[in-house]
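Peer 1: Sequence first, then the predicted structure, then my questions.
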Amino acid sequence: MTGTAEPSKVGHEEGSQLSFAAGGHVATVEVDLMRAHAFAALATLLISSLFGTIVAIKLVQPEFLAGAAWSTWGSLRASHTQGILFGWLGNAFLAFLYFAIPRLAGRPVMSRRLGWWLFTLWNSAMLLPGWVLLAANLPQPWLAIKPLEWTEFPLALNAVTELCLLLSAVQFITPVARKPNDDGFYVSSWYVIGGLVFTLLAFPMGSVLPQVVPGAIGAAFSGLWIHDAVGLYVTPLALAIAYYVLPVRIGRPIYSHFLSMIGFWLLFLAYPLNGTHHYVYTSIPMDTQRAAIAASMIMGFDVILVVLNLLISLRGYGALVWRDVPLRFVWTGIVLYLVVSLQGSLQASMALQRHVHFTDWVIGHSHLAMLGFASFVALGAVAHVWDRTATCRCHAGLMNLAYWLILGGLLVMVVDLTAAGLVQGGLWNSGASWMESVRASNSYWWLRTASALPIMLGFASFLAGMLTQEQSQSAASRDQPPSRGPLPQPGNG
Ligand code: HEM
């Protein structure tokens, strides 16, 4: 195992820019852009979760907000999921990249002006108009809601998203590619490159192709994108964070660079085929379904390897994980990554699909993945970045409260939806009527709605923690470079 100490920051604030030295090179962190994306992330997380809460209420009180196009269940559900993907996670990842890329690459991101263009396009030309158009529900093909999961925003806005993905690749991959470390790229850089490039290519496939080739073939492409969005955009960027934050906070390199590379390549080899497992028992050719099931099993092994590598890196640091809030957020996300992935590998099998397909089990699984794994890691990233930036107020107590509220709410939601799914699947397989299964679901749907309260309070508490300074902690002491910690560098295991 080898590792290099994280760059000692000679740092000073120059207006909005924070400079530090990395191996003799001075890299500039665009603090303003980082803060803007982080605040946009938390604001859109709260708004998107409110959409989710309204959608949950409508399942138990269908007449709630009934009668207007903007407040139909389908429109609000799409606003919830697109807001979570692009508003919350997209902005949180961008905030982290502004902090981490200068440190990983030893040089600043491509351009500050490009950064403000990206921020404006991402939020004001894609996300906000997306929500407005979902609410307006217009008939024009270019402006209409698309019935495609994870890309419900209209086609006209998909062009903006693709442009944003291209700008992100230019902004963050260029500095990394221009100056690899002497030992090559650190695993976080690999994940950033892989995630941004793959998504740039996969997004048009999932957004445009199903419109051109409808029917089962279009559905197959849509299925591929559903999982590419989660597995090859959200997962690589979340893993880039985990591989960065864990070693820096404990002050020791990851256990094995070799294993981290195996994990990276296996993800990008096996994951692209996974998506068709959404269409088991459909008219899509059986061989394609079987390939997706096999790929899903392989992914289970890949995740075990990745998570073991990360958790072994933490051996001996249990007490620190308990004390250190950003580290605990990331650690929890990693543990939930293992749980949700093993669940996913099992539920891709035809035997389990027979019982859970189309039930709330799947919605529980989705929340475990996106809220449990991805959001805990992303919240940990924002907490880490805030903790290490002098100009950011950071209240560990409020963030700690947020951790417990979100974790509690998540566990209630997931256990509740999993149980609801088993009840629904059992009733459907027994030949019971649809309405019988709806009646049986009612109490579970109430509980899921109630679970929104701690989750929303948790998000609000986290945001308050980003705006409030803890008295005992001075900005100067927080801004110490993680000198005890290594710069995440390739180690040889
Ligand atoms: C306030 C808490 C939340 C509530 C009450 C809530 C509720 C809901 C509801 C009712 C649905 C539609 C379920 C259906 O189709 O039957 C949904 C879908 C979804 N939500 Fe949430 N949600 C919340 C927060 C979140 C968060 C924070 C995330 C991710 C970070 C998230 C990710 C998702 C995903 C991925 C889906 C799509 C599920 C699928 O199609 O498999 N939700 N949510």
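Peer 2: Cool, got the structure. All figures in this text were calculated on a predicted structure; none of them were measured in a lab. Numbering: from 1, shown residues only.

Peer 1: got a list of contacts for the helix or strand that Ala319 is a member of?
Peer 2: Counting by DSSP states H and E, the element that carries Ala319 is helix 318-323. Residues outside helix 318-323 that contact it (Cβ atoms under 8 Å, 6 or more residues apart in numbering) are 249-250, 314, 327-328, 331. Every residue, glycine included, has its C-beta placed from N, CA and C.

Peer 1: which residues touch the closest residue to the ligand within the stretch 201-350 of the chain?
Peer 2: Of all residues in the stretch 201-350 of the chain, Val230 sits closest to the ligand, at 7.9 Å by Cβ to the nearest ligand atom. Shown in contact with Val230 (Cβ under 8 Å, 6+ apart): 150, 369-370, 374.

Peer 1: Ok, Ala420 next?
Peer 2: Counting by Cβ under 8 Å, 6+ apart, Ala420 has contacts 359-361, 364, 441, 444-445, 448.

Peer 1: quick one: secondary structure of it?
Peer 2: Of the three states, Ala420 takes helix under DSSP: H, G, I helix; E, B strand; the rest coil.

Peer 1: Which pLDDT value goes with it?
Peer 2: Note for Ala420: predicted pLDDT of 98.

Peer 1: what's the closest non-adjacent residue to it?
Peer 2: Distances taken as Cβ to Cβ, 6 or more residues apart in numbering place Tyr444 nearest to Ala420, at 3.5 Å, with adjacent residues excluded.

Peer 1: so that neighbour makes contact with Thr418?
Peer 2: No. Applying Cβ atoms under 8 Å, one finds Tyr444 not in contact with Thr418, separated by 9.6 Å.

Peer 1: any residues in contact with both of those two?
Peer 2: Listed contacts common to Tyr444 and Thr418 are Asp360; contacts here mean Cβ under 8 Å, 6+ apart.

Peer 1: ok, and the residue of the stretch 51-200 of the chain found nearest the ligand, which helix or strand is that part of?
Peer 2: The minimum distance from the stretch 51-200 of the chain to the ligand, using Cβ to the nearest ligand atom, falls at Gly52 (2.9 Å). Using DSSP H and E, Gly52 sits in helix 31-60.

Peer 1: I'd like the distance from that helix to the chain centre, please.
Peer 2: 13 Å (Cα atoms, centre = their mean, to the nearest Å).

Peer 1: Which positions in the stretch 1-150 of the chain make contact with the ligand?
Peer 2: Neighbours of the ligand within the stretch 1-150 of the chain, by Cβ under 6 Å from any ligand atom: 49, 52-53, 55-56, 77, 80-81, 84.

Peer 1: Looking at these, state which has the most neighbours.
Peer 2: Among those, the one with the most neighbours (other Cβ atoms under 10 Å) is Ile84, at 26 neighbours.

Peer 1: Now that residue: closest residue in space, sequence neighbours ignored.
Peer 2: Ser48 (4.8 Å).

Peer 1: Relative to the ligand, which of the contacts of Val230 is nearest.
Peer 2: For the contacts of Val230, the nearest to the ligand is Met370 (3.5 Å; Cβ to the nearest ligand atom).

Peer 1: buried set for the next helix or strand after the helix holding Gly52?
Peer 2: Following helix 31-60 in sequence order, the next helix or strand is helix 73-82 (DSSP H and E). Using 16 or more other Cβ atoms under 10 Å as the test for burial, helix 73-82 gives 75-82.

Peer 1: what does stretch 452-459 give?
Peer 2: So, applying 16+ other Cβ under 10 Å, buried residues of stretch 452-459: 452, 454-459.

Peer 1: So which of the residues you listed sit within helices?
Peer 2: Residues of the buried residues of stretch 452-459 located in helices (DSSP state H): 452, 454-459.

Peer 1: Ser49 and Phe459 touch, don't they?
Peer 2: Yes. Counting by Cβ under 8 Å, Ser49 touches Phe459, with 6.3 Å between them.

Peer 1: returning to that earlier point: out of the contacts of Val230, which one has the lowest pLDDT?
Peer 2: Confidence-wise, Trp150 trails the rest of those, at 92.

Peer 1: average pLDDT for stretch 327-346?
Peer 2: 96.

Peer 1: should've said stretch 289-301
Peer 2: pLDDT averaged over stretch 289-301 gives 88.

Peer 1: Can we start the residue count at 472 from this point?
Peer 2: All set: I'll call the first residue 472, so the last point we hit is now stretch 760-772.

Peer 1: ok, and what's touching that stretch?
Peer 2: Stretch 760-772 is contacted by residues 702, 737-738, 741-748, 750-753, 812-813, 815-817, 819-821 when judged by Cβ under 8 Å, 6+ apart.

Peer 1: If any of those are buried, give me the ChimeraX selection for them.
Peer 2: Here is the ChimeraX command that selects the buried residues among these (16+ other Cβ under 10 Å):
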select :702,737,738,741,742,743,744,745,746,747,748,750,751,812,815,816,819
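
Peer 1: Among the contacts of stretch 760-772, name the ones in helices.
Peer 2: Among the contacts of stretch 760-772, DSSP H puts 737-738, 741, 812-813, 815-817, 821 in helices.

Peer 1: In TSV, list those residues along with distance to Pro612.
Peer 2: Converted to TSV, the ones in helices among the contacts of stretch 760-772 look like this (distance: Cβ to Cβ, whole Å):
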residue	distance to Pro612
Leu737	39
Leu738	35
Ala741	35
Ser812	37
Leu813	41
Gly815	34
Ser816	38
Leu817	40
Met821	37
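
Peer 1: By mean pLDDT, which helix or strand of the protein comes out lowest?
Peer 2: Ranked by mean pLDDT, DSSP states H and E, the weakest helix or strand in the chain is strand 483-485, scoring a mean of 31.

Peer 1: circling back to that earlier point, near the residue nearest to Ala891, how many other residues are there?
Peer 2: Counted by other Cβ under 10 Å, the residues lying close to Tyr915 total 21.

Peer 1: Need the ones in helices among the buried residues of stretch 923-930 in TSV (columns: pLDDT and distance to the ligand).
Peer 2: Converted to TSV, those look like this (pLDDT from 0 to 100; distance: Cβ to the nearest ligand atom, whole Å):
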residue	pLDDT	distance to the ligand
Ala923	98	4
Pro925	98	9
Ile926	98	4
Met927	98	5
Leu928	98	10
Gly929	98	9
Phe930	98	8
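
Peer 1: How about Leu575, nearest residue that isn't a chain neighbour?
Peer 2: Ser660 (5.2 Å).

Peer 1: Let me know the helix or strand that that neighbour is in.
Peer 2: helix 658-678.

Peer 1: what distance separates that helix from the middle of the whole chain?
Peer 2: Relative to its chain's centre, helix 658-678 lies at 13 Å (Cα atoms, centre = their mean).

Peer 1: How far does stretch 671-688 stretch from one end to the other?
Peer 2: End-to-end distance of stretch 671-688 (Cα to Cα, to the nearest Å): 21 Å.

Peer 1: Next, the buried residues of that stretch.
Peer 2: For stretch 671-688, by 16+ other Cβ under 10 Å, it's 671, 673-675, 677-682.

Peer 1: same deal with stretch 864-884?
Peer 2: Under the neighbour-count criterion of 16+ other Cβ under 10 Å, stretch 864-884 has 864-867, 869-874, 876-878, 880-881, 883-884 buried.

Peer 1: That stretch and the ligand, any residue contact?
Peer 2: No. Stretch 864-884 does not reach the ligand (Cβ under 6 Å from any ligand atom); its nearest approach is 7.0 Å.

Peer 1: Averaged pLDDT, that stretch. What do you get?
Peer 2: Confidence over stretch 864-884 (mean pLDDT, whole number) is 96.

Peer 1: Check stretch 912-920 too.
Peer 2: Mean pLDDT, computed over stretch 912-920, is 98.
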